[in-house]
Structure formats: C-alpha cells, structure tokens
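Engineer: Show me how the following folds:
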Amino acid sequence: MNDARIALGVTVAATFFGAGAVKGVTGMGLPTIAMGVLGSLFSPATAAALLIAPSFVTNVWQLLAGPSVARLAMRLWAMMTGIVVGTIAGTALLSRGDTAQTTRALGATLAVYAVASLAAGLRVRPRRLPSALEPWLSPLVGLATGVVTGGTGVFVIPAVPYLEALGLPKDDLVQALGLSFTASTCALAAGLAWHGAYHTTHLAISALAVAPALAGMWAGAAVRARISPVAFRRAFLVLLLLLGAEMLARPPR
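Structural biologist: Presented below is the predicted three-dimensional model:
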C-alpha cells in the first residue's frame, strides 16, 4: 500500500514538473497537461482539485511578471466576469463525477485546441479581431471559457485563441493569459467548493505539487533559451491531439 502511494506521489509530482516545463517554454499548458494525465488516475473532480494550488501560483507569477496588470484588467474585466460565472456554473458537471462525459469533453477540448493552434501556426500573419467586436464578444468568450473550465478543468478554449486574436504585444499577451488563467483557477476552486467537491486533503496534496510545478517552469525557461519554442510547441500540440483523440475514443467505464 505504501509503495503504491509513493508511486502515485511520484507520478503526480512528475506530471506537474512536466506541465510546468511546458508552461515555462510556451506560457501555457499546465492545466491541459495535468488534467490530461491526472484525469486517467483520478475522478475529474479530484484531478481538477489537485490542479488548483500549482495553477494559481504559476499563473499569478506569470500575471505579475509584466507592467500592465491594471490596464489589462480594465480592458478584459467583462471577459473575466464571464469566466467566473461560467466556471462556477460548469463545475456542476465535474462535481457529479460523471467520468465518461467529462473525459469525452476533455478529449474534445484538447483535440480542438491542438488542431486550432496547429492551424494558426501555419499562417504567416495571425488574423486579428476587429476592435468593434471586442466589447460584446469578450463576455461571451469568457462565459464559454468558464463553462469549458468548469466542465473539464482546462482553461484554454476559447480564451487563448481569442486573446491571440486581439493583437496584443507579446508581453501583454503573456500577461493577459496569466490574468485569464488566474481568474479561471480561482473560479474553479470556488465552484468545486460550492458543489462540495473540494476538500482540505485536496488542498494539502495540491500545495505539495507547487514545488515541482515551479521547478518545471524554471527548467522550461532554461530550455526555451536553447531550443526553438515554435518547434517544441508544435511537438507538444501533436501529442496533445493524440491524447485528446485517445480520450474521445476511450470506452465508458
């Protein structure tokens, strides 16, 4: 029994180290990788609960790394509001423990994100959203992102493609992603707690995962200085697509 617990602990730590490394290289990917692996070991609600602490710490770090927190918060407040509302509502699916539905939803989310990101990478110039659409599209994107976050524990769809389409400068984009991910993490924790699916034992284990996640981020940043992040991210997205396809094809348990 102890050997099994040690093996499980090592697996969780390795998962967050790897997820943190991906985030260190690309600026995103920690919840996607973590939910993809932990979702095969735990119930979706438990996997999402274990994600809270390392995701929150790494996202706040990313958010506070730039100078534009207040300006971005004023611009994106409607999107953040939608994320909070949608996430808290969406966690009802996770808290019910319907593994088959949430696994398929997570697989679809991973596959769609991978395909969309790979397709975007083939364009020489990414498409930019007309500024006139932003005031009413932001809350809708936030709400949709929240529902996906609450139902799967993954923060990326459709927030990441939308923020990329705003044409933000590189540093502002990284910081905006940090803002979106931080709002998603806090709302996910609140939603799980509201539905009785977030317990103190989850918090303790999640807190222990902060160290390997931060170590992974540091290692990812070191790797980013030595290899092409574009090539790395393309390989990551292909693996993500395969993982999503496997989860979609997985038979109900």
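
Engineer: Got phi/psi on residue 42?
Structural biologist: phi -130, psi 170 (degrees, to the nearest 10).

Engineer: and the closest residue to it other than its chain neighbours, what element?
Structural biologist: Nearest non-adjacent residue to residue 42, counting by C-beta to C-beta, 6 or more residues apart in numbering: residue 50, 7.2 Å away. Quick note: C-beta positions are derived from backbone N, CA and C, even for glycine. According to DSSP states H and E, residue 50 maps onto helix 44-64.

Engineer: That helix: how far from the chain's middle?
Structural biologist: Distance of helix 44-64 from its chain centroid, counting by C-alpha atoms, centre = their mean, to the nearest Å, is 8 Å.

Engineer: And it, what does it pack against?
Structural biologist: When contacts are defined as 3 or more C-beta pairs under 8 Å, 6 or more residues apart in numbering; DSSP states H and E, helix 44-64 packs onto helix 2-26, helix 30-38, helix 69-95, helix 99-121, helix 170-194, helix 200-208, helix 210-224.

Engineer: Check the average confidence over that helix, would you?
Structural biologist: Averaging pLDDT along helix 44-64 gives 87.

Engineer: Enumerate the positions of that helix that are buried.
Structural biologist: 44-60, 62-63 (16 or more other C-beta atoms under 10 Å).

Engineer: Could you list the low-confidence segments of the stretch 101-250 of the chain?
Structural biologist: 101-103, 121-127, 229, 232, 250 (pLDDT under 70).

Engineer: got the contact list for the residue nearest to residue 42?
Structural biologist: 12, 34, 38, 42, 202, 205-206, 209 (C-beta atoms under 8 Å, 6 or more residues apart in numbering).

Engineer: ok, now residue 157?
Structural biologist: Counting by C-beta under 8 Å, 6+ apart, residue 157 has contacts 109, 112-113, 144-145, 148.

Engineer: Could you do residue 168 as well?
Structural biologist: Taking C-beta under 8 Å, 6+ apart as the contact definition, residue 168 lies against residue 176.

Engineer: any idea whether it is helix, strand or coil?
Structural biologist: Put simply, residue 168 is coil when judged by DSSP: H, G, I helix; E, B strand; the rest coil.

Engineer: That one and residue 41: what is the separation?
Structural biologist: 36 Å (C-beta to C-beta, to the nearest Å).

Engineer: Ok, residue 210 next?
Structural biologist: From residue 210 over to residue 41 (counting by C-beta to C-beta), the distance is 19 Å.

Engineer: between the contacts of residue 157, which is nearest residue 242?
Structural biologist: residue 113 (13.0 Å; C-beta to C-beta).

Engineer: Would you confirm that the closest one contacts residue 233?
Structural biologist: No - using C-beta atoms under 8 Å, residue 113 is not in contact with residue 233, being 11.9 Å away.

Engineer: more crowded one of these two?
Structural biologist: residue 113 (24 against 20; other C-beta atoms under 10 Å).

Engineer: Now do the same contact list for the more buried one.
Structural biologist: So residue 113 contacts 32, 154, 156-157, 160, 240, 244 (C-beta under 8 Å, 6+ apart).

Engineer: And for residue 28?
Structural biologist: 22, 156, 160, 177, 181.

Engineer: count of residues packed around residue 73?
Structural biologist: Residue 73, neighbours per other C-beta under 10 Å, totals 14.

Engineer: so what's the residue nearest to it when sequence neighbours are not counted up against?
Structural biologist: Using C-beta to C-beta, 6+ apart and skipping the chain neighbours, the partner closest in space to residue 73 is residue 179 (6.5 Å). Taking C-beta under 8 Å, 6+ apart as the criterion, residue 179 is in contact with 63, 69, 72-73, 76, 80.
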